[in-house]
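Novice: dropping the sequence and predicted coords here.
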There are 2 protein chains.
Amino acid sequence: MKYRTLKFDMLDTNNCPYYLVTRASLSITAAFRKAFAAAGIGHIKPAYLGVLMCLWKGDSLDEALGKLGSPGGMKIADLGRCAGLEPSTMTGVIDRMERDGLVRREDDPEDRRAQNVRLTDEGCRVRMDVVAVVDSALREAFGGIDAGALEGLKGVLRKVLSNTERGTIS
Amino acid sequence: MKYRTLKFDMLDTNNCPYYLVTRASLSITAAFRKAFAAAGIGHIKPAYLGVLMCLWKGDSLDEALGKLGSPGGMKIADLGRCAGLEPSTMTGVIDRMERDGLVRREDDPEDRRAQNVRLTDEGCRVRMDVVAVVDSALREAFGGIDAGALEGLKGVLRKVLSNTERGTIS
DNA sequence: TGCAAATAATACGTATACGTAATATACTTA
DNA sequence: TAAGTATATTACGTATACGTATTATTTGCA
């Protein structure tokens, strides 16, 4: 009896939280991609956001601290930790971002294994545009959802992450 | 002022619902993959689940209706609609499932453009095992979340989907 | 000091998913 | 019935993400 209920629950995609989470992720990602293209910054890809946010944040901190001319770069593995991606994934993301003129790799003078990833002028230039697009796309995606429900969503997802992650991240 | 708040909110990955949704999706998928491997059914991949569920459901209905020997197959595009994937994505999924011995393509006698995808004996045989693994993996992933919060999650995600989808699905 | 263990990147193979374009076939309508 | 449209699938290129293995260094310890 129990089995029967369970089975039919799972067979119903629209009732399966895993299905819904996955579709929502893909759907928001597609919305971002379209929004970037529509805003004339089609060379920004959704996967770049984590990296850009990290580097922009570092930039802001440097400015706030008055460290003009500071290195400002980040190592690939650090970017991965910051964006929640494996180093082997970051390699490809940075490859594409370099190809698209947003960042540059430079040898780390203090660790010959490492490379510093730094924003190019273009990578700095697009900041305002990207932030505006991300903001409006997120507002559209999460529109009509009240603050309480959104907090609930975040709480549940954090719990799911702590239930499933093997300490990969952070 | 408003801009400042917004910006720093977005830069904080752990507070961004998009980041959380994406990480949760990937994390649950990885958990499924490991659970299948651990259960000795490593030839079952997470992406096969949607297809298997559809075909098993059809199987059950056929049985319930006493249609023994009925076609039982489904067309690729129908499987895509059922699983929420584009036809061009389904081609690859069915390729891999065929390679892994779970389904078989057969020409549709009534439409020469189409192919019927049918479960192999192996595809039927693994049903109980897969259902057990999926059940336990979902329980683990969503453990410690009360029913109300889970319903809330589903509701929010359905809203996100209706906000972002272009009528691609269903 | 000198060697084992840890760390930083990359290379490579696989899985997953799209979008666009091509091909074959079916349907619709003038 | 012929032409135009719609549908079913596949082919191909791209993006995203892992895991494992490899290479180059750096670190830590005996």
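Specialist: Arrived safely, thanks for sending. The shown structure was predicted, so the numbers you read here are calculated from the model rather than taken from an experiment. Numbering: from 1, shown residues only, chains lettered A, B, ... in the order given.
Novice: next, A:Met74: phi, psi?
Specialist: Reported as degrees, to the nearest 10, the phi and psi values for A:Met74 are phi -130, psi 150.
Novice: what about it, distance to DNA strand C?
Specialist: Counting by Cβ to the nearest atom of the strand, to the nearest Å, the separation of A:Met74 from DNA strand C is 8 Å. Where you see a C-beta, it was placed from the backbone N, CA and C, and this is true even at glycine.
Novice: that residue and A:Asn116 touch, don't they?
Specialist: Yes - contact between A:Met74 and A:Asn116 holds when scored by Cβ atoms under 8 Å: they sit 6.8 Å apart.
Novice: for chain A, which spans come out with low pLDDT?
Specialist: Scanning chain A for pLDDT under 70 picks out A:1-11, A:60-72, A:166-170.
Novice: go again using 50 as the cut-off
Specialist: Low-confidence segments of chain A, defined by pLDDT under 50: A:1-8, A:68-71, A:167-170.
Novice: residue ranges of the strands in it, please?
Specialist: Ranges of strands within chain A are A:74-75, A:103-107, A:115-119, based on DSSP state E.
Novice: the second one packs against which elements?
Specialist: Yep, that's strand A:103-107 we're talking about. Helices and strands touching strand A:103-107, by 3 or more Cβ pairs under 8 Å, 6 or more residues apart in numbering or on different chains; DSSP states H and E, are helix A:87-99, strand A:115-119.
Novice: recalculate using a threshold of 6 Å.
Specialist: Using 3 or more Cβ pairs under 6 Å, 6 or more residues apart in numbering or on different chains; DSSP states H and E as the contact test, the elements touching strand A:103-107 are strand A:115-119.
Novice: figure out how far the strand it packs on is from the centre of its chain.
Specialist: Centroid separation for strand A:115-119 versus its chain: 17 Å, with Cα atoms, centre = their mean, to the nearest Å.
Novice: would it count as contacting DNA strand D?
Specialist: No - Strand A:115-119 lies apart from DNA strand D when judged by Cβ under 7 Å from any atom of the strand; the minimum separation is 11.9 Å.
Novice: next, the angle strand A:103-107 makes with that strand.
Specialist: 150 degrees (axes from the mean of the first three to the mean of the last three Cα atoms, to 10 degrees).
Novice: rewinding a little: quick one: the strands of chain A as CSV, columns for mean neighbour count too.
Specialist: Shown next, in CSV, are the strands of chain A (neighbours: other Cβ atoms under 10 Å in any protein chain shown):
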stretch, mean neighbour count
strand A:74-75, 20
strand A:103-107, 16
strand A:115-119, 21
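Novice: redo those strands as TSV? Include distance to B:Val93.
Specialist: Shown next, in TSV, are those (distance: least, Cβ to Cβ, whole Å):
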stretch	distance to B:Val93
strand A:74-75	37
strand A:103-107	34
strand A:115-119	35
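Novice: can you tell me which of those is nearest to B:Leu153?
Specialist: Comparing those by their distance to B:Leu153 (Cβ to Cβ), the top pick is strand A:74-75, with 33.3 Å.
Novice: ok, that closest one: who's next to it in the sheet?
Specialist: According to DSSP bridges, strand A:74-75 forms sheet pairs with strand A:115-119 (antiparallel).
Novice: hmm, the partner strand touching DNA strand C?
Specialist: Yes - residues of strand A:115-119 are located near DNA strand C by Cβ under 7 Å from any atom of the strand, namely A:Gln115, A:Asn116.
Novice: up against DNA strand D, what does chain A have?
Specialist: A:29, A:45-48, A:84-86, A:88-89, A:92-93, A:96, A:111-113, A:168.
Novice: of those, buried ones?
Specialist: A:Thr29, A:Lys45, A:Pro46, A:Ala47, A:Tyr48, A:Gly84, A:Leu85, A:Val93 (16 or more other Cβ atoms under 10 Å in any protein chain shown).
Novice: narrow the residues you listed to those in helices?
Specialist: Judged by DSSP state H, helices contain the following of these: A:Thr29, A:Tyr48, A:Val93.
Novice: how far away is the spatially most central residue of chain A from B:Gly80?
Specialist: Relative to the mean C-alpha position of chain A, the nearest C-alpha, by Cα atoms, centre = their mean, is the one of A:Gly50, at 3.4 Å. A:Gly50 is 30 Å from B:Gly80, where distance means Cβ to Cβ, to the nearest Å.
Novice: now swap in A:Lys154 and tell me
Specialist: Noted for A:Lys154: a distance of 31 Å to B:Gly80, by Cβ to Cβ.
Novice: so between those two, which is more surrounded?
Specialist: Per other Cβ atoms under 10 Å in any protein chain shown, whichever of A:Lys154 and B:Gly80 has more neighbours is B:Gly80, with 24 against 18.
Novice: next up, the contacts around that one.
Specialist: By Cβ atoms under 6 Å, 6 or more residues apart in numbering or on different chains, the contact set of B:Gly80 is B:Pro87, B:Met90.
Novice: recalculate using a threshold of 7 Å.
Specialist: Going by Cβ atoms under 7 Å, 6 or more residues apart in numbering or on different chains, B:Gly80 touches B:Glu86, B:Pro87, B:Thr89, B:Met90.
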